[in-house]
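Participant: Need coordinates for the below:
(4 chains)
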Number of protein chains: 2
Amino acid sequence: MARKRGSHSDITGPKVRTAALRLFARHGFAAVSMRQIAGEVGVQAGALYLYTPDKQTLLFDLMKEHMDELLSAWDHTEKGRTPFSQLEAFSRFHIRFNLERPEAIFIAYMELRNLSSENFGKIEKLRKEYEDKLEEILCFGQTTGDFLVPDTKLATMAVIAMLTGVNTWFRQEGRLSRERVEEIYWDMVRRSVAK
Amino acid sequence: MARKRGSHSDITGPKVRTAALRLFARHGFAAVSMRQIAGEVGVQAGALYLYTPDKQTLLFDLMKEHMDELLSAWDHTEKGRTPFSQLEAFSRFHIRFNLERPEAIFIAYMELRNLSSENFGKIEKLRKEYEDKLEEILCFGQTTGDFLVPDTKLATMAVIAMLTGVNTWFRQEGRLSRERVEEIYWDMVRRSVAK
DNA sequence: GTCTATAGAAAGATAGAC
DNA sequence: GTCTATCTTTCTATAGAC
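Facilitator: Numbering: from 1, shown residues only, chains lettered A, B, ... in the order given. As a prediction, this is how the structure comes out:
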């Protein structure tokens, strides 16, 4: 009964982040004004500063939250014991996770240069952490003799780039289901590294 | 003897484009002001409008010129007659061309959303034209029985994403030469589509 | 062809009323 | 917690002198 008006910080806070995510993804961080974000949320521009100290921190928080979620989600994913099952798990996980949050992914790749150098360092560290998960799998496959990879660092970058590329063209209503896309990409990834 | 001062449009014009290319690539189109570009060139902000009608056209011209150059360069590349030789030519060409002009590539991928919808359409058409070159090679390999690709559209996107990814991590002074990187990527591309 | 000067709009952020 | 009002800066683009 109480609090019909006022005290909306538990609601407005997330709304600000959602609106910023959408707008940053669509038009780019530098091209979006605080007034536009406020307009989406339905508050005045000044009110945004109740939820973030400044625009830069708003961007950083979105990216940080995304990276934490990515690493946590992978940690909770069933991987199997063989190199092949782990690589398949990674390929499918990466495609699925990315397709579920295209806006956050877009920002994570496009807005790195708009981070302050301090914030950039923190995000880069998390991104590296994620890449290392894949590299470990490739190394594992090398030791078992399942994979043949001339350079695991390069193969890691190549596979991630290939998988991430799905987001640039995949459409929900398109010709292929997400499941089918996973299938085809996993097949290409497997062949590109299998002995 | 004449024209020590004045009449520099044949020099200043290119300088404007070079400066814009550098700055757009480094900080993003929306984050760069006409004053910054003018500062790099060594003229006043107002003088830029002698060389471009507005900021949007400056971006479009950079991207258009880049795409024309890309298509023309591929047309003049030796390709061989077999699917394998053509795919190798494409893989090596793509990596080499991209590494030779990282700034233009960066802009071509990052600033699409900052084009007016009319300009976007023109650039997209050229990009599609380039992708079709690769798809034709994959189709060719399918008919000869050299390649086994479940879906040529997807394989096209996957291969291009993989090759384009090189630009995100390659450094001139790094561990691997461009030639060696070409070698490794061509090997992965080949294995991912070969029968 | 470049300059200064400036118009006119919009940006990020803050102050203080309610 | 949100509002209006506003400070200060910066932006794109133009006008007119030289």
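Participant: Low-confidence bits of chain A, can you list those?
Facilitator: Chain A contains residues with pLDDT under 70 at A:1-9.
Participant: The residue in chain A that DNA strand C sits nearest to: what's it in contact with?
Facilitator: Going by Cβ to the nearest atom of the strand, DNA strand C is nearest to A:G46 of chain A, at 2.8 Å. Heads up, the C-betas are built off the backbone N, CA and C, glycines and all. Taking Cβ atoms under 8 Å, 6 or more residues apart in numbering or on different chains as the contact definition, A:G46 lies against nothing.
Participant: domains for chain A, by residue range?
Facilitator: Listed domain ranges for chain A are A:1-52, A:55-193 (source: automatic domain parsing).
Participant: what residues does the one helix or strand A:A108 maps to touch?
Facilitator: According to DSSP states H and E, A:A108 maps onto helix A:102-110. Here helix A:102-110 makes contact (Cβ under 8 Å, 6+ apart) with A:21-22, A:24-26, A:28-29, A:59, A:62-63, A:66-67, A:98, A:123, A:127, A:164, A:167, B:110.
Participant: What's the first helix or strand after it?
Facilitator: helix A:117-144.
Participant: now that following helix against helix A:102-110, angle please.
Facilitator: Interaxial angle, helix A:117-144 versus helix A:102-110 (axes from the mean of the first three to the mean of the last three Cα atoms, to 10 degrees): 100 degrees.
Participant: helix or strand right after helix A:117-144?
Facilitator: helix A:152-164.
Participant: Please state the offset of that next one from the chain centre?
Facilitator: 15 Å (Cα atoms, centre = their mean, to the nearest Å).
Participant: Also stretch A:54-70?
Facilitator: 11 Å.
Participant: Is any residue of it near DNA strand C?
Facilitator: Yes: judged by Cβ under 7 Å from any atom of the strand, stretch A:54-70 and DNA strand C are in contact via A:D54, A:K55, A:Q56.
Participant: Sort out which residues of that stretch are buried, please.
Facilitator: A:K55, A:L58, A:L59, A:F60, A:D61, A:L62, A:M63, A:H66, A:M67, A:L70 (16 or more other Cβ atoms under 10 Å in any protein chain shown).
Participant: That stretch near DNA strand D anywhere?
Facilitator: No: using Cβ under 7 Å from any atom of the strand, stretch A:54-70 stays clear of DNA strand D, with a minimum separation of 13.8 Å.
Participant: ok, residues contacting that stretch?
Facilitator: Against stretch A:54-70 from outside (Cβ under 8 Å, 6+ apart): A:16-17, A:20-21, A:24, A:29, A:34, A:48, A:52, A:97, A:101, A:104-105, A:107-108, A:111, A:114-116, A:119, A:122-123, A:126-127, A:130.
Participant: Same question for stretch A:16-32.
Facilitator: Residues from elsewhere that reach stretch A:16-32 (Cβ under 8 Å, 6+ apart): A:36-37, A:40-41, A:48, A:51-52, A:55, A:58-59, A:61-62, A:65, A:102-104, A:106-107, A:110-111, A:114, B:27-31, B:113-114.
Participant: follow-up on the earlier one: ok, the residue of chain A closest to DNA strand C to B:Q44 distance?
Facilitator: 35 Å (Cβ to Cβ, to the nearest Å).
Participant: ditto for A:R101
Facilitator: 45 Å.
Participant: now the spatially closest residue to A:G145 that is not a sequence neighbour: how far from chain B?
Facilitator: Excluding its sequence neighbours, the residue lying closest to A:G145 (Cβ to Cβ, 6 or more residues apart in numbering or on different chains) is A:K195, at 6.6 Å. Distance from A:K195 to chain B, counting by Cβ to the nearest Cβ, to the nearest Å: 10 Å.
Participant: give the contact list for A:K195.
Facilitator: Taking Cβ under 8 Å, 6+ apart as the contact definition, A:K195 lies against A:G145, A:D146, A:F147, A:L148.
Participant: Let me know the closest of the residues you listed to A:E78.
Facilitator: Nearest to A:E78 among these is A:D146, at 19.1 Å by Cβ to Cβ.
Participant: Next up, phi/psi of the closest one, please.
Facilitator: phi -80, psi -30 (degrees, to the nearest 10).
Participant: That one - nearest residue in space that isn't next to it in sequence?
Facilitator: In space, and not counting its chain neighbours, A:D146 is closest to A:P83: 4.6 Å by Cβ to Cβ, 6+ apart.
Participant: just A:L134 next, same as before
Facilitator: A:T156 (5.1 Å).
Participant: Can you give me the buried ones in the helix holding A:A108?
Facilitator: Neighbour count says helix A:102-110 has A:E103, A:A104, A:I105, A:F106, A:I107, A:A108, A:Y109, A:M110 buried, by 16+ other Cβ under 10 Å.
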